[in-house]
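Trainee: predicted model, plus sequence, below.
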Amino acid sequence: MNAAAARAAFAERFPEIAALLDRPGAVSSSLIEEQGEIVDATVNDARLYNGDARDFAAKQVDAFMAKPLRLFMDRPTDAGLVSPICVRLHDELGAFLVERGHEEISRQVSDDSPRYLIVFGLGLGHHIEELVKRTKARWLIVAEPITDFIAHSFHTVDWPRLFAHFEGQGGGVEIVTKIDPGEMVSAIVRYMSAQGIPYVDGSFVFTHYPLWAFSEGRNRLYEAVEFAFINRGFFEDELVMMTNAVTNFAAGPAWLIEGRPRLHRPELAVIVGAGPSLDEGLERLKAIRDKVVLFSAGTALRPLLRNGFVPDFHCELENVPATVDALKEAGTYGDLSQITLMASATVDPRIPPMFRETIYFFRDSVSSTMILGEKHLPIAGATPTCVNMALSMAAFFGFTDMALFGADCGIRPGSDDHAKDTVYRDIGVFQKEGAVDERYPMEVEGNFGGIARTNWIYDSCRLMLSEVIELRRLNVVNASDGAFIPFAVPRVPEAIDPPGSALDRAAVLAALKRSLDEITPAAMFAETDLKKVARQADRMFADLDSALERLGRDAPDFAAVYRAMTAFLADAGSRYAHADSIISGSLTALPRIAMFFGFRIADPGLRSELFSLFIKEFRLTLDKMKEETAKAFERLAALADAGATDDEAAQRRRA
């Protein structure tokens, strides 16, 4: 083994890891040689294999391949089957297979489907080459937090040949060095998502040596992959968001907050979520209310109003009709017209009129932001929950000192899911489904010690809060008795005591408003020509149809269609005036559904027939999306024109 060549190839692809290995004292373990062969390594004065490493690895791989641990997506719904156009394709392909006598399909994917090999533990690496050969993986992901083993592997692993093998087949190799199980799994899933999350189906998961982080990481991996596998963004939902945004901006002048730095605010901003620990924090919140600027997040508004609090700002993120109903019901306990709404431009247009005034923002990645907000800065870190939005909003307002109440990001064992006066508990709008372990399958560190239970949505909320706090250098104390949020200081509610006297609230709110931009319908729609976007959408659909027609003439390859669609989207925004943002989620969801079926059909003839049907149905679906898009943009252009005209007339009257 040429250690120098192995190290050079590794350093070329992973320079940061190689730089860590170059630091003095970075490698503290040693190799054990017998008769010129490396047979073991010592870590903390203990042998890793306690024998011949090569023989150990060979037996371990044989045992694994006899009964491998694999990741399978058990249902087509795992491909994101929540959209009517996706349901239609699913039903057509399923009916076809039933007609051909395939009422049940295999849980296993075909041997030639692209897949990942995830290896927990590199060690001396003697297991890698044989696993690669026998699993036929296209991508290799190795989690190894003990960097000594990476240094030793230059003597035992033919890295140049390994890289050439994976890169030659269109795949790749990723090395993850995180020791924290959550960070380790997040890094693994990020790489999978970048290469193509559908290829998770059928992947292999191998553990080489016992380590607590590997056990926890392996336990978390399936839930993390299942969460990542869910397709986000669908054609029908994007049309709703575009319609809502145009309607909201056409309604008249409004405020817009953009993601740019502002002058520091000295006051304490309190972010209130609807976690169960809010109940214990309300008494302290009453004592400090006059000294803080209060942000309520989503369903936290109702318990605040019921307990006599009128927030300065209320934050809403989602566009679902249930939000309208929840706010109407919450309004029976307080006057919403005293509160300023902060909302995504995509919220239901029935919501803003309930409040005194509205501050809109553009959220990341959705069609309305790509099409209407190209000249504006979106608010980063505002998802996945309203608590994330509230914290990011406060940060972009200039607040650096914040306190979190009811931001539990999960539950303490034995506690309820939400604060007692929320719609979830008080009037049972949403009923609990499944046992606690099913709703909250993950254990994380508790904010005040012990453990908390969470799930991938709340854990994503927790990690995003942490990322924003660290990135923007915020001083955040967390008075919530739930999951620990890194970079937020745990503090019991009674210990939160803002200095000074009661705020001059009117002066503070006036100063905050001066930092905003007023956006008028005329100005907003002068920035975006919706009729031009409609024309570019027509051209986009024509180009897609041509691409599918060509793919249909090739050998039946479901993954090739997915790759073609992701490649098409990679630079579609600049070519089609961002019309692609309306269909991007569905454009990748449709081939993923077909891949689920196609990867499980072994018969070449049947697979070919299924592929032809898929291409036909995909093209028909594109025709339907083209028609609905054209109709939607005709309505939206008329709405924008009317809003701009009314606005200009109003400006002339004021002049």
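Mentor: Thanks, I have it. Numbers count the residues shown, from 1 in each chain.
Trainee: mind checking which helix or strand Arg262 is in?
Mentor: Under DSSP states H and E, no helix or strand contains Arg262.
Trainee: who are the neighbours in contact with it?
Mentor: Residues near Arg262 by CB atoms under 8 Å, 6 or more residues apart in numbering: 396-398, 515. Every residue, glycine included, has its C-beta placed from N, CA and C.
Trainee: mind checking how far Pro68 is from Ser113?
Mentor: 15 Å (CB to CB, to the nearest Å).
Trainee: between the two, which one's more packed in?
Mentor: Taking other CB atoms under 10 Å, Pro68 and Ser113 do not tie; Ser113 has more neighbours (20 against 14).
Trainee: which non-adjacent residue is nearest that one?
Mentor: Leaving aside its sequence neighbours, Ser113 sits nearest to Phe599 (CB to CB, 6 or more residues apart in numbering; 4.2 Å).
Trainee: tell me the pLDDT at that neighbour?
Mentor: pLDDT, Phe599: 90.
Trainee: residues near it, how many?
Mentor: Neighbours of Phe599 (other CB under 10 Å): 26.
Trainee: that one against Asp111, yeah?
Mentor: No. In this structure Phe599 lies outside contact range of Asp111 using CB atoms under 8 Å: 9.9 Å.
Trainee: helix or strand right after the helix or strand bottoming out on mean pLDDT in the chain?
Mentor: Lowest mean confidence among the helices and strands of the chain (mean pLDDT, DSSP states H and E): strand 30-34, at a mean of 69. Later in the chain than strand 30-34, the nearest helix or strand by DSSP H and E is strand 37-43.
Trainee: buried ones in that following strand, by neighbour count?
Mentor: For strand 37-43, the neighbour count (16 or more other CB atoms under 10 Å) marks 38-41 as buried.
Trainee: what of stretch 534-545?
Mentor: Buried residues in stretch 534-545 (16+ other CB under 10 Å): 534-537, 540-541, 544.
Trainee: nearest to Ala560, of those residues?
Mentor: Leu544 (14.8 Å; CB to CB).
Trainee: so what does the closest one look like in phi/psi?
Mentor: When read as degrees, to the nearest 10, the backbone of Leu544 gives phi -60, psi -40.
Trainee: show me what contacts Pro349?
Mentor: Contacts of Pro349 (CB under 8 Å, 6+ apart): 244, 247-248, 251.
Trainee: for the chain, longest helix please?
Mentor: As assigned by DSSP state H, the longest helix anywhere in the chain is helix 604-654.
Trainee: what is the mean pLDDT for that helix?
Mentor: If you average the pLDDT values across helix 604-654, you get 90.
Trainee: over to stretch 271-285?
Mentor: Rounded mean pLDDT across stretch 271-285 is 96.
Trainee: coming back round to it: with secondary structure and distance to Thr383 added, can I get the buried residues of stretch 534-545 in a markdown table?
Mentor: Converted to a markdown table, these look like this (DSSP: H, G, I helix; E, B strand; the rest coil; distance: CB to CB, whole Å):
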| residue | secondary structure | distance to Thr383 |
| --- | --- | --- |
| Ala534 | helix | 28 |
| Arg535 | helix | 31 |
| Gln536 | helix | 27 |
| Ala537 | helix | 26 |
| Met540 | helix | 26 |
| Phe541 | helix | 29 |
| Leu544 | helix | 28 |
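Trainee: want to throw those residues into CSV with distance to Arg107 and pLDDT?
Mentor: Formatted as CSV, the buried residues of stretch 534-545 follow (distance: CB to CB, whole Å; pLDDT from 0 to 100):
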residue, distance to Arg107, pLDDT
Ala534, 44, 96
Arg535, 46, 96
Gln536, 43, 97
Ala537, 39, 97
Met540, 37, 97
Phe541, 36, 98
Leu544, 32, 97
